[in-house]
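[1] Please find the sequence and the predicted model below.
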Amino acid sequence: MGFSDLFDNGFRQRNRDHFAAIVRVAMGDGYISDGEKAFLDRLSKNLDISEDDYEEILTDYYRHPINPPVFYEHRLERLYDLARMVYVDHIKGDDEEKIIRKIGIGLGFTPENVPYIVDKALTLVGNGVDLETFMIEIKAMNR
């Protein structure tokens, strides 16, 4: 096994774990809405999740712990990536807000701050900012 094989497997496992955590967050209220299911379908393709893994994760979502990033910067990076996916997928209205708010809480942001952070994240992504600008702007909110 070459070095690149180790990296590829680790990257795929990180994506799988990330996807499983999102599924678990989505199932927090006991069901996945049609909008959430459509988002998860597209997200699984974007993260290169196999159909077998997808079905296993949906069936046994409770076996996958939610491990939010420890560092605030890593939370912001994940939020940026997810906000971009939601934005690119053109999920509009209540489904968009509901999905990203659930994910925000799953990432470790406080429930009280999630509505403000989500609104700002979607606005910034809609304006096409890069990751660095995104992080600066979100951090500025919390001062």
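    Perfect, I can see it now.
[2] Name the residues of stretch 114-121 that come out as buried.
    Using 16 or more other Cβ atoms under 10 Å as the test for burial, stretch 114-121 gives V114, I117, V118, K120, A121. Just so you know, the C-beta spots here come from the backbone N, C-alpha and C atoms, and that holds for glycine as well.
[3] Return the subset of the residues you listed lying in helices.
    Cross-referencing the buried residues of stretch 114-121 against helices under DSSP state H gives V114, I117, V118, K120, A121.
[4] Quick check: can you list the domain ranges of the protein?
    Domain assignment of the chain by automatic domain parsing yields the ranges 1-67, 69-143.
[5] where among those is the average confidence lowest?
    Lowest mean pLDDT within those: domain 1-67, at a mean of 77.
[6] now it, how far from the chain's geometric center?
    10 Å (Cα atoms, centre = their mean, to the nearest Å).
[7] what residues are up against the closest residue to P68 other than its chain neighbours?
    Using Cβ to Cβ, 6 or more residues apart in numbering and skipping residues adjacent in sequence, the residue nearest P68 is G108, 3.4 Å away. Listed by Cβ atoms under 8 Å, 6 or more residues apart in numbering, the contact set of G108 reads P68, P69, R75.
[8] Checking the first one next. Helix, strand or coil?
    Taken by DSSP: H, G, I helix; E, B strand; the rest coil, the conformation at P68 corresponds to coil.
[9] number of nearby residues for G28?
    Applying other Cβ atoms under 10 Å, we find 12 residues neighbouring G28.
[10] residues near L82, how many?
    Per other Cβ under 10 Å, the neighbour tally for L82 reads 22.
[11] Let me know the helix or strand that the residue nearest the centre of the chain is in.
    Central residue of the chain (Cα atoms, centre = their mean): L82, 4.3 Å from the mean position. Following DSSP states H and E, one finds L82 within helix 72-88.
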